[in-house]
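Enquirer: Any chance you can model this:
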Amino acid sequence: MPELVIAPGDLADPRVLRLLEDHLADMHATSPAESVHALDVSGLSDSAVTFWAVSDGEDVLGCVALKELAPDHGELKSMRADAAARGRGLGRRLLEHVLDEARARGYARISLETGTEPFFAPARSLYEKAGFVECPPFGDYALDPNSVFYTLELAARD
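Expert: Model prediction:
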């Protein structure tokens, strides 16, 4: 049985592109266009963004990105588990991966934006269980009734 592997994602891989297309489609189906902050391939290609995919053998099951906002502050972006793979703990594993990477980079905190709609309730629950707390908008974000902002102060792992 293949083991789940989190590795740098190939933004030209059709399996990754399908996952990202599904992600953007869900975001646009759930939130007004002005409240969709998900990155497309060009946004994920930015030099400030690191993108990973999680795979099980030949199947790409999810993805996540980390955007550097400042030398001590990162933003979680584009976390997605394929609909068919939900319930396997992929979100938790992807989040742990990003948090470990943020700590390794020396970030003092990591922040994120997600939706307020019921569709996003599992994501909000995951973030809150991991210790994220609500915060004001950060970076280029503005107050938006369709967005909730979270941050997590990072402590170095021993």
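
Enquirer: mean confidence score for the helix or strand containing W52?
Expert: According to DSSP states H and E, W52 maps onto strand 49-56. Taken as a whole, strand 49-56 has a mean pLDDT of 96.

Enquirer: And for stretch 90-106?
Expert: On average, stretch 90-106 scores 95.

Enquirer: Not counting its own residues, what contacts it?
Expert: Contacting residues not belonging to stretch 90-106 are listed as 4, 6, 50, 52, 54, 61-64, 66, 68, 71-72, 74, 76, 79, 81, 110, 122-123, 126-127, 130, 152, 154-157 [C-beta atoms under 8 Å, 6 or more residues apart in numbering]. Yep, even glycine has a C-beta here, placed from its N, CA and C like the rest.

Enquirer: Mark which of these are part of helices, please.
Expert: Cross-referencing these against helices under DSSP state H gives P122, A123, L126, Y127.

Enquirer: residues contacting the last one?
Expert: Put plainly, it is Y127. Contacts of Y127 by C-beta under 8 Å, 6+ apart are L95, L112, T114, Y150, L152.

Enquirer: give me that answer again for 7 Å
Expert: For Y127, the contacting residues are L112, Y150, by C-beta atoms under 7 Å, 6 or more residues apart in numbering.

Enquirer: Next: the third one.
Expert: For L126, the contacting residues are G91, R92, L95, taking C-beta under 7 Å, 6+ apart as the criterion.

Enquirer: which parts of the top strand by length along the chain are buried?
Expert: Taking DSSP state E as the criterion, the chain has its longest strand at strand 59-70. Buried residues in strand 59-70, defined by neighbour count with 16 or more other C-beta atoms under 10 Å: V60, L61, G62, C63, V64, A65, L66, K67, E68, L69.

Enquirer: and the angle for it with strand 49-56?
Expert: 160 degrees (axes from the mean of the first three to the mean of the last three C-alpha atoms, to 10 degrees).

Enquirer: got the CA coordinates for strand 59-70 in PDB?
Expert: Extracted C-alpha coordinates of strand 59-70, given in PDB (Å, rounded to 0.1, in the frame of the first residue of the first chain):
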ATOM      1  CA  ASP A  59      -3.100   9.900  -6.900                       C
ATOM      2  CA  VAL A  60      -2.800  13.600  -6.000                       C
ATOM      3  CA  LEU A  61      -5.100  13.900  -3.000                       C
ATOM      4  CA  GLY A  62      -4.600  17.500  -1.800                       C
ATOM      5  CA  CYS A  63      -2.400  20.600  -1.700                       C
ATOM      6  CA  VAL A  64      -1.300  23.500   0.500                       C
ATOM      7  CA  ALA A  65       0.800  26.600   0.000                       C
ATOM      8  CA  LEU A  66       2.800  28.900   2.300                       C
ATOM      9  CA  LYS A  67       3.200  32.500   1.300                       C
ATOM     10  CA  GLU A  68       5.900  34.700   2.900                       C
ATOM     11  CA  LEU A  69       4.400  38.000   4.000                       C
ATOM     12  CA  ALA A  70       7.500  39.200   5.900                       C
END
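
Enquirer: Good, we can wrap up now.
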